[in-house]
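# can you look at this prediction? I've put the sequence above it.
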Amino acid sequence: MVGILFLLSSFLLGVSILLYFPSFERIEEKFTLGLILGFILNTWITFLLSLILKSLNISLILGVTFISTLISIFLLKYPQRNKSPIIIKPSKTYLISLLTFTILLSIANLNTIKFDSQGNLVAMLHCWGDYASHLSYIFYLSNQIPLTLNNPLLVNHKLSYPFLIDFLSAVMYKGGLNYVISIILVNIILTISLISIIYLFAKEFTKSELCGLFALILFFLNGNFGFLFALGKDLKEIFFPTSFYSINHKTLFWGNTISCFFLPQRGFIWGMAISVSIYLILLKELFLSETISKSSLRNLFLSGIFLGSLPLIHTSSFLVLVFVSIIFFLYRIKKEWMYFLIPTIVFALPQILYLIKEHTLRTFRFQIGWEINSYNLLSILLFWIYNLGVIFFLILTGIFLTERKRLLFYLPFIFIFIIANLIVFHPWVWDNTKYFLHWFFLSCVIASCSLIRIKEISRWKKLDRIFLIIILIFFSIFSGLIDYLYLNQVSFVMADKTAQEIAHWVRRNIPPESLILTSDTHNHPVSMLSGRNIVLGFRGWLWSHGYNYGEIERDIQKIYQTADLELIKKYKITHIVISPYEKELRPNLRAFLNSKNFKEIYNKRIDSDLFRIFKVIY
């Protein structure tokens, strides 16, 4: 219940502040930007206070909820003369679009992670891997006392992954919600804000309500030419494939945004919503407005707060926004940029200094053509045609149809597309999609212009125009729609009831400051659900984040095989797990059982084996 009150007070705070921004006169603008702003403010305030107080507790959450509610009441009541008028009635197109996509994405989110009829914790295919790490961070942030920002999945390293959306879910969990609900509820609410802000941006960019709907369709249900590869297969595989994006894995890498980005990479939801909010403000104030007014300065300051909040919410989006902002600054150099720059620096700089860490893995490298790694321009062109499908041609047409002022706004995103095709920014090549997605969003808006222009061709019959638009949209989203329909077909067990019981025992009986040695299995019950620090978590995540864990990995193998006490002391390990999860490490169980330095404090049968926890006796 406290968690729900926290969300409501956050929304109320954001909307009450937006009442004093006259440029946003429509209720849907105040609703959307207020929701995003309120969540940013309350989450950041709670996070900073929890660091100061060394824990996230119910009293802190109640205090922030109460104070933000009082501030909201004051802003709503006084002073009346400073408030901006509100246009109450949103358009029917907006309401239909918001309702339709809220239902579509809520259905998807409700199946990301859940308990099945046997009580097992299960997740859909696209989330089975990533959500184990999100659960690790949620339990760590909500249970750790004293709260430190050590990485719970890698000893002696700080938590440099953008974790703030998981902290928000930790607030919900600490506020009394089930941990599954704490994930899904945050996802759905932030997804609603993302749907709304995308619509509002597309409408502002094109001055067309219908373009807002088209942009949502193309962006969220995007497909590619994957269905062409499936035409030679039987009908069952066409309509119930593993995924249209794995039919020809050597060619198709750009997946549907719902299944590949917004469901598994939940930080993208919040990061993209904030990013599009900034794009909307910069579009209104720098490209569509002839003069800079006092309300414009407020808006620039607001966008600076948005940008300054991003590094720990979604670092890649922050980097994209910094690049885009620099290009816009060069396009229109004005002293008023200081209203944008100052809050950005004040809020972002401490986060950047915190996030900077030593990388011994080389992360930046030239790789022409992104995934295909080819110098052949024709191959690169065909690669993107296959991956974007019909949308590719709508984008090209839209570029020629878009007026110069708005095309200048699109220019930095073309640069991002080119750069991301030349340089790989992460150890995992596919992670360049974090930058491509911003280009793709603007490209979908540009593509929507093509559809709008077809609607305006007066020499064609109305029925012909509608038919052509439907055909183009259908083939643009065909494979993406099938991928969406398949999302709920298959789920995988993340933690059965036994694993949940083990994690519950660890939370109740092993102190929060302990360091536990386990295998790196991604859904290990100790690392995923206990909220305790482990020595080395799933190496796939750590590698993709740029960590060098080679020495730790070798030491872990030696500890399990020899029970080397000196190595255990080196890392200050307090507990060691030997279970079926550690089989690949070939642990010498007899060495642990026969040594006075290890005391077995827990065992539970898993199938034909035992899950054992040893306490280290120094």
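Here it is on my side, so go on.
# for the rest of this, base every contact and every neighbour count on C-alpha atoms.
Noted.
# now the strands for the stretch 151-300 of the chain?
Using DSSP state E, counting those that start in this stretch, no strands are found in the stretch 151-300 of the chain.
# give me the below-cutoff pLDDT ranges for it.
Residue ranges of the stretch 151-300 of the chain with pLDDT under 70: 229-250.
# same thing but at 90, please
160-161, 224-255, 285-296 (pLDDT under 90).
# which secondary element of the protein has the worst mean pLDDT?
helix 235-239 (a mean of 49; mean pLDDT, DSSP states H and E).
# what about the closest residue to K405 other than its chain neighbours, how many neighbours?
In this structure, K405 finds its nearest non-sequential neighbour in F287, 6.7 Å apart by C-alpha to C-alpha, 6 or more residues apart in numbering. A count of neighbours around F287, defined by other C-alpha atoms under 10 Å, yields 18.
# make residue 1 into 44 and carry on from there
Happy to do that; since the first residue is 44 now, the last one works out to F330.
# my read: F330 touches R447, true?
No: the criterion here is C-alpha atoms under 8 Å, and F330 misses it with R447 at 10.5 Å.
# where do the strands sit along this protein?
In the chain, the segments counted as strands under DSSP state E are 156-158, 164-167, 408-409, 466-467, 534-538, 558-560, 576-577, 618-621, 641-649, 652-659.
# what's around G593, how many residues?
As a burial measure, G593 scores 9 neighbours (other C-alpha under 10 Å).
# can you check the one 4 residues further on too?
R597 has 10 neighbouring residues, counting by other C-alpha under 10 Å.
# any idea how far it lies from L585?
Distance of R597 to L585, computed by C-alpha to C-alpha, to the nearest Å: 15 Å.
# repeat that for L524.
L524 is 33 Å from L585, where distance means C-alpha to C-alpha.
# looking at those two, which one has more neighbours?
Higher neighbour count among L524 and L585: L524, with 19 against 16, using other C-alpha under 10 Å.
# what's the more buried one in contact with, if anything?
By C-alpha atoms under 8 Å, 6 or more residues apart in numbering, the contact list for L524 reads L264, N265, G266.
# apply 7 Å and report the result again.
L524 sits next to L264 when contact means C-alpha atoms under 7 Å, 6 or more residues apart in numbering.
# span of stretch 320-335 from start to end?
Counting by C-alpha to C-alpha, you get 19 Å between the two ends of stretch 320-335.
# tell me the buried residues in it?
By neighbour count on 16 or more other C-alpha atoms under 10 Å, the buried set for stretch 320-335 is S320, I321, Y322, L323, I324, L325, L326, K327, E328, L329, F330.
# same check, this time on stretch 520-537
Quick answer for stretch 520-537 (16+ other C-alpha under 10 Å): 520-527, 529-531, 534-537.
# helices - which of the residues you listed land there?
Among the buried residues of stretch 520-537, the ones falling in helices (DSSP state H) are I520, F521, S522, G523, L524, I525, D526, Y527, Y529.
# quick one: contacts for the nearest residue to the second one once chain neighbours are set aside?
So the one you mean is F521. Nearest non-adjacent residue to F521, counting by C-alpha to C-alpha, 6+ apart: G266, 6.0 Å away. Shown in contact with G266 (C-alpha under 7 Å, 6+ apart): N299, L431, G432, S519, I520, F521, S522, G523.
# and the gap between G266 and W297?
9 Å.
# what's in contact with stretch 470-477?
Residues outside stretch 470-477 that contact it (C-alpha under 7 Å, 6+ apart): S359, T406, E414, A463, V467, F468, S587, G589.
# which one among those gets closest to I235?
S359 (21.4 Å; C-alpha to C-alpha).
# so what's that closest one up against?
With C-alpha under 7 Å, 6+ apart, S359 has these contacts: K477, Y478.
# quick one: it from I656, how far?
Distance from S359 to I656, by C-alpha to C-alpha: 39 Å.
# thinking again about what came up before, and the two most separated of the buried residues of stretch 320-335?
Longest span within these, C-alpha to C-alpha: S320 and F330, 15.0 Å.
# before we move on, the earlier item: can you list the buried residues of stretch 320-335 in CSV and add distance to I79?
Output for the buried residues of stretch 320-335, formatted as CSV (distance: C-alpha to C-alpha, whole Å):
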residue, distance to I79
S320, 9
I321, 11
Y322, 14
L323, 13
I324, 14
L325, 17
L326, 18
K327, 18
E328, 19
L329, 22
F330, 23
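# and the residue lying closest to G162 once chain neighbours are set aside, how far from I553?
Excluding its sequence neighbours, the residue lying closest to G162 (C-alpha to C-alpha, 6+ apart) is K540, at 6.1 Å. To I553, K540 is 20 Å away according to C-alpha to C-alpha.
# more crowded one of these two?
Between K540 and I553, counted using other C-alpha under 10 Å, the more crowded position is I553 (16 against 13).
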